[in-house]
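Chemist: no sequence on hand, only this structure:
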Ligand SMILES: [Zn+2]
């Protein structure tokens, strides 16, 4: 009978899953290769935020050069996203220069890798309202800050995107444990889906000699069985598709105008609304 309480609708991820995990790593470091191997080994997906390798400061060692970057990321199953062509504080240059930093970065990555690049991570986590307006004008759909939530909430403001935590966060173990053992499906009221979002730099694993942190997290997540693994952009696209659903006034009929199937839970039952189709929920 308790299910009668749940007239509310809850987003479910592909396959009807209630949890998703995503990763975001910055700077195009040589250690990205080792990190990518770990993600590939365990079937996880990451977004790598890249500057233009020929434009960044030469003092920064252990970054991939142009050839290295191409070999590492061309055709990989992960997302590449913007990080500013020279990794400047976008808030410390004239706005026109900030525009050029983003445009040139996007143009470079799209031409080099032959794909559309719409995601971003702010270099140094630096942004302001003017930069956000610029990103909207330039078709950037989400941009990650360096702020963290220490929770699994679905992002509301995608141009001020916050991660759950950095991989060196003292709370990582506890958050991971909660994510793996609890579930929104066990909650009576708070049945919103969970997103675990971890960010960092791959070279930090070398600096801190702690590759086991990501290896352990990836292994545990891969064994969970009830989690969707997706890039930042895939999560954004899926949430956008869910938010595009069109309902009848009584909420019992729903149409999916998008190109992907979308999952909805109502009254404890999970439905897939196929791309371009309309369904009616069971009473
Ligand atoms: Zn960076």
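Modeler: Cool, the structure landed. Nothing here was measured: the structure is a model prediction, and the numbers come from that model.

Chemist: and the strands in the stretch 1-150 of the chain, which stretches?
Modeler: With DSSP state E, counting those that start in this stretch as the criterion, the stretch 1-150 of the chain has strands at 9-12, 19-26, 46-50, 79-82, 119-121, 142-148.

Chemist: those into TSV, with extra columns for distance to the ion?
Modeler: Using the backbone N, CA and C atoms, a C-beta is placed for each residue, glycine as well. Listed next are the strands of the stretch 1-150 of the chain as TSV, based on distance: least, CB to the ion, whole Å:
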stretch	distance to the ion
strand 9-12	31
strand 19-26	4
strand 46-50	7
strand 79-82	11
strand 119-121	7
strand 142-148	9
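
Chemist: please identify which of these is closest to residue 272.
Modeler: strand 9-12 (8.8 Å; CB to CB).

Chemist: and the closest one, what does it pack onto?
Modeler: For strand 9-12, the packing partners by 3 or more CB pairs under 8 Å, 6 or more residues apart in numbering; DSSP states H and E come out as strand 262-266.

Chemist: what's the strand it packs on in contact with?
Modeler: 6-18, 191, 238, 241-242, 245, 254, 256, 270-273, 281 (CB atoms under 8 Å, 6 or more residues apart in numbering).

Chemist: now these: which count as buried?
Modeler: For the contacts of strand 262-266, a neighbour count by 16 or more other CB atoms under 10 Å gives the buried set as 6, 9-13, 17-18, 191, 238, 241-242, 245, 254, 256, 271-273, 281.

Chemist: just the ones of the contacts of strand 262-266 in helices?
Modeler: 238, 241, 242 (DSSP state H).

Chemist: isn't the last one up against residue 11?
Modeler: Yes. At 4.7 Å, residue 242 and residue 11 qualify as touching, with contact defined as CB atoms under 8 Å.

Chemist: still on that earlier bit, for the ones in helices among the contacts of strand 262-266, which one is nearest the ion?
Modeler: Closest approach between the ones in helices among the contacts of strand 262-266 and the ion, by CB to the ion: residue 238, at 25.9 Å.

Chemist: right, I'll leave it there.
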